[in-house]
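Student: sequence and predicted structure are below.
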Amino acid sequence: MFFDLHRHLEGTLRVATTRALAVRDGHRLAAVDDLDDLLVARGPLGGLVPFLAKVDAAPAAFSRLEDWQRAGRECVEDAAAEGLDYLEIRFAPWFIRQETGLAPEGVIDAVADGVRAASAETGVRTALIGILLRDLGPECGLDQVDTLLSRRDLFCAVDLAGNEGGVPAADFAPAFARARDAGLHVTVHAGEGAGPESVWAAVRHLGAERIGHGVRAAEDPALLEHLAARGITLEVALTSNLHTSVAPSYAAHPVRRLLAAGVPVALCTDDPRASATTLPAEFEAAREAGLTDADLAAVRVNAREAAFG
Ligand code: ADE
Ligand code: ZN
């Protein structure tokens, strides 16, 4: 059973599709010599921000709503080819608006259409998570969440993503309160581009039930105890953590310590195109990180139990 709880649509957009759409439109990306190099990390990039630049370079080529329907479809088709049983797909409608000028409500409907159709065809179960982007600033947090709530039934949860070193999570507390009041689950990127204090903030101020990454929680024993006691699952993406230089190697990744502390861990891909990875490849990488067969079996159970959909 393969369950991926953390995969960004923007980080799944295929290089070939990005190129084809850019050529169709005469978009500036069509003139890039090595699009692969622009959109895919091949090694450590030294930080979160340069990695996000690779993830975020593709959406500008998806200039029509039908392109976002295709994006949703291809994302699920790729998941089916990997052998996934269940996939939570997250995306940031306001970021897509910024890159394309498209109405975010239209983008949500188009993505949901594509995902629904491909899910029915392939049998991969799917659920959608709406992202609020830190980088757009806390002033528009409530507006971002209202866009998601205009399509409430299409989403299982809300997330906070983007540059963790920028706007603090606490500034988004009103937006997350509104999402929780509407019955959405909460996951938050934290403990990736910043330290344990960022994970504490996600739990205390935003009501996070799961944490995207969270790996720097390993630096704070009290936090590990809190996460274990509350059953707050960490969505760990090993290859992404190498590319963002959160961990220097699989072998030195703290995932084993997280599990040993009793913290539920689910293995995820984050951005399969930008990291050139798949969920089965992440399970292989986990062996290099020192996880045993028993650990991997526990990780699969964790993912099933922490699923929002
Ligand atoms: N958006 C896409 N990938 C991300 C990551 N690893 N951290 C924060 N935001 C992201
Ligand atoms: Zn992520």
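Tutor: Thanks, I have the structure now. Ligands and ions are numbered 1, 2, ... in the order given.
Student: what about the nearest residue to residue 93 once chain neighbours are set aside, how many neighbours?
Tutor: Using Cβ to Cβ, 6 or more residues apart in numbering and skipping the chain neighbours, the partner closest in space to residue 93 is residue 104 (3.5 Å). In short, each C-beta sits where N, CA and C put it, glycine included. Applying other Cβ atoms under 10 Å, we find 23 other residues in the vicinity of residue 104.
Student: now residue 221
Tutor: 11.
Student: contact partners for it?
Tutor: Taking Cβ atoms under 8 Å, 6 or more residues apart in numbering, we find residue 221 in contact with residue 261.
Student: could you pull out the strands for the stretch 151-300 of the chain?
Tutor: Along the stretch 151-300 of the chain, the segments classed as strands by DSSP state E, counting those that start in this stretch run 155-161, 185-190, 210-213, 233-236, 265-267.
Student: residues making contact with the first one?
Tutor: By Cβ under 8 Å, 6+ apart, the list of residues contacting strand 155-161 from outside reads 8, 88, 90, 92, 127-134, 145, 148, 169, 172, 176, 179, 184-190, 202, 206, 212, 308-309.
Student: how about 6 Å then?
Tutor: If you take Cβ atoms under 6 Å, 6 or more residues apart in numbering as the criterion, strand 155-161 is touched by 90, 127-132, 148, 172, 179, 184-189, 308-309.
Student: run the contact check for that strand versus ligand 2.
Tutor: No - Strand 155-161 stays out of contact with ligand 2 when judged by Cβ under 5 Å from the ion, the minimum separation being 5.6 Å.
Student: now that strand: how far from the chain's centre is it?
Tutor: 9 Å (Cα atoms, centre = their mean, to the nearest Å).
Student: ok, so what distance separates the nearest residue to residue 119 once chain neighbours are set aside from ligand 1?
Tutor: Using Cβ to Cβ, 6+ apart and skipping the chain neighbours, the partner closest in space to residue 119 is residue 126 (4.6 Å). According to Cβ to the nearest ligand atom, to the nearest Å, residue 126 stands 18 Å off from ligand 1.
Student: what kind of secondary structure is residue 126 in?
Tutor: strand (DSSP: H, G, I helix; E, B strand; the rest coil).
Student: beta-bridge partners for it, please?
Tutor: residue 87 (DSSP bridges).
Student: burial count for it?
Tutor: Residue 126 has 22 neighbours, counted by other Cβ under 10 Å.
Student: check residue 152 too.
Tutor: The burial count for residue 152: 12, using other Cβ under 10 Å.
Student: phi, psi for the residue nearest to it when sequence neighbours are not counted please.
Tutor: Counting by Cβ to Cβ, 6+ apart, the nearest residue to residue 152 once its immediate chain neighbours are dropped is residue 182, at 5.9 Å. Backbone torsions of residue 182, given as degrees, to the nearest 10, read phi -80, psi 0.
Student: pretty sure residue 182 sits against residue 151.
Tutor: No - taking contacts as Cβ atoms under 6 Å, residue 182 lies outside contact range of residue 151: 11.2 Å.
Student: who has more neighbours, these two?
Tutor: residue 151 (18 against 14).
Student: now the nearest residue to that one once chain neighbours are set aside: how far from ligand 2?
Tutor: Using Cβ to Cβ, 6+ apart and skipping the chain neighbours, the partner closest in space to residue 151 is residue 108 (4.8 Å). Residue 108 sits 19 Å away from ligand 2, going by Cβ to the ion, to the nearest Å.
Student: kindly report the same for residue 306.
Tutor: For residue 306, the distance to ligand 2 equals 15 Å [Cβ to the ion].
Student: hang on, the residue nearest to residue 119 packs against residue 117?
Tutor: No - the criterion here is Cβ under 6 Å, and residue 126 misses it with residue 117 at 10.7 Å.
Student: show the pLDDT at the residue in the chain positioned nearest to ligand 1.
Tutor: Among the residues of the chain, residue 161 lies nearest to ligand 1; the distance is 3.6 Å by Cβ to the nearest ligand atom. Residue 161 is assigned 98 on the pLDDT scale.
Student: hey, what's it bridged with?
Tutor: Residue 161 has the following beta-bridge partners by DSSP bridges: residue 133.
Student: tell me the residues of this structure that contact ligand 2?
Tutor: 212, 270.
Student: mind doing that once more with 6 Å?
Tutor: 6, 8, 161, 189, 212, 270 (Cβ under 6 Å from the ion).
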